[in-house]
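Enquirer: Pasting the sequence and the predicted model now:
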Amino acid sequence: MNFEKEKDSFLKEFVKNTLAEDVRDGDHTSLACINPSEKTKAKLLVKDVGVLAGVEVAKHFFAAVDPDYKMDVFIEDGSDIKYGDIAFEVECNSQALLVAERSVLNTMQRMSGISSMSNRFAFEVEDLPVKVLDTRKTTPLLRFLEKWAVRLGGCTNYRNGLYDWIMIKDNHIDACGGIQQAIKRVAEYQKEKGLDLSVTVEVRNLDELDQVLEVGQVRRIMLDNFELPILERALEIIGDKFETEASGGVNINTIRKISKTGVNYVSVGALTHSSQSLDLSLKVIK
């Protein structure tokens, strides 16, 4: 997926479905007590510390509910934020503002939590020649937002899905009957289908690593749940023949030790599956 090229269409569809889920036949509270011609100004108040994400998404929400909305952005996506900051002020129809409020906050809080987590991991290894990767451990149908937030925080997207990068993992290997068989079948499949996708193969021990080195035909070797001394030994064996990746239970306390081994990439599921939403609030300016 070319994210920049397809971003607007994804956002429009996301906003439409999100509002449909929440609003259905109307925000009856606002319809009952708010003048339909009234306009209101509100501010996005930061009540936490981290990295902001989702301002651009908020614009799409407000545009969907009131095409005449106006927004003054004071803090851009990817910027550091602290308690008391005002990210933006928005003015639009009062009923429309209240329709969009919770969807804007839910999305921005989730994205900002991920971007903040991503930034913490990136900071831990910023002086090392390693890239921290995300994974497919994302919320169904929200992957494009969550991977966007990862980038805003300073880490790197891996594959977008099953379609754009081949990853031969333990279950593929076991179901296929062995690691060399799996690699050879992937090579045959790509040739048959006219594909040229990058291939990562997961190895669980040094024996599987030796088997991969015998057959080759991959771009990257993923060293899964290797203890540090074994990881270092594996990297010595691989040398510069293939890209290397460490994975498996990586956390903020282990990322630096793992990265200092000289591995090229470290994949971290926690960037998306363990981040905590940032506290943000949309407050009407009286």
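Expert: It's in. In this text, all values refer to a predicted model and were calculated from it rather than measured experimentally.
Enquirer: now the strands for this protein?
Expert: 39-46, 50-51, 70-73, 80-81, 86-93, 131-133, 166-168, 199-203, 220-224, 243-247, 265-267, 280-284 (DSSP state E).
Enquirer: How far off centre is the helix-or-strand element of the chain with minimal mean pLDDT?
Expert: Evaluated with mean pLDDT, DSSP states H and E, the helix-and-strand set of the chain has its lowest mean pLDDT in helix 3-23, which scores a mean of 91. Helix 3-23 has its C-alpha centroid displaced from the chain centroid by 17 Å (Cα atoms, centre = their mean, to the nearest Å).
Enquirer: Could you export the strands of the chain as a markdown table, including mean pLDDT?
Expert: Conversion of the strands of the chain to a markdown table gives the following (pLDDT from 0 to 100):
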| stretch | mean pLDDT |
| --- | --- |
| strand 39-46 | 98 |
| strand 50-51 | 98 |
| strand 70-73 | 98 |
| strand 80-81 | 98 |
| strand 86-93 | 98 |
| strand 131-133 | 98 |
| strand 166-168 | 98 |
| strand 199-203 | 98 |
| strand 220-224 | 98 |
| strand 243-247 | 98 |
| strand 265-267 | 98 |
| strand 280-284 | 97 |
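Enquirer: Could I get these in CSV, plus columns for mean neighbour count and distance to Asn106?
Expert: Backbone N, C-alpha and C define where each C-beta goes, glycine included. Putting those into CSV (neighbours: other Cβ atoms under 10 Å; distance: least, Cβ to Cβ, whole Å) gives the following:
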stretch, mean neighbour count, distance to Asn106
strand 39-46, 18, 13
strand 50-51, 24, 16
strand 70-73, 13, 18
strand 80-81, 17, 17
strand 86-93, 20, 15
strand 131-133, 21, 26
strand 166-168, 21, 31
strand 199-203, 22, 33
strand 220-224, 22, 34
strand 243-247, 22, 30
strand 265-267, 22, 27
strand 280-284, 16, 10
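Enquirer: Nearest to Pro140, out of these?
Expert: Comparing the strands of the chain by their distance to Pro140 (Cβ to Cβ), the top pick is strand 166-168, with 18.7 Å.
Enquirer: which residues make contact with stretch 95-103 from outside it?
Expert: Stretch 95-103 is contacted by residues 15, 18-19, 22-23, 27, 29-31, 34, 36, 38, 40, 42, 61-62, 64-66, 69, 90, 282, 284 when judged by Cβ atoms under 8 Å, 6 or more residues apart in numbering.
Enquirer: Buried ones among the residues you listed?
Expert: Buried residues within these, counting neighbours by 16 or more other Cβ atoms under 10 Å: 15, 18-19, 27, 30, 34, 40, 42, 61-62, 64-66, 69, 90, 282.
Enquirer: just to revisit the earlier point, pipe the strands of the chain into JSON lines and attach distance to Leu105 per row.
Expert: Compiled in JSON lines, those are given as follows (distance: least, Cβ to Cβ, whole Å):
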{"stretch": "strand 39-46", "distance to Leu105": "8"}
{"stretch": "strand 50-51", "distance to Leu105": "15"}
{"stretch": "strand 70-73", "distance to Leu105": "15"}
{"stretch": "strand 80-81", "distance to Leu105": "14"}
{"stretch": "strand 86-93", "distance to Leu105": "11"}
{"stretch": "strand 131-133", "distance to Leu105": "28"}
{"stretch": "strand 166-168", "distance to Leu105": "35"}
{"stretch": "strand 199-203", "distance to Leu105": "37"}
{"stretch": "strand 220-224", "distance to Leu105": "37"}
{"stretch": "strand 243-247", "distance to Leu105": "33"}
{"stretch": "strand 265-267", "distance to Leu105": "30"}
{"stretch": "strand 280-284", "distance to Leu105": "6"}
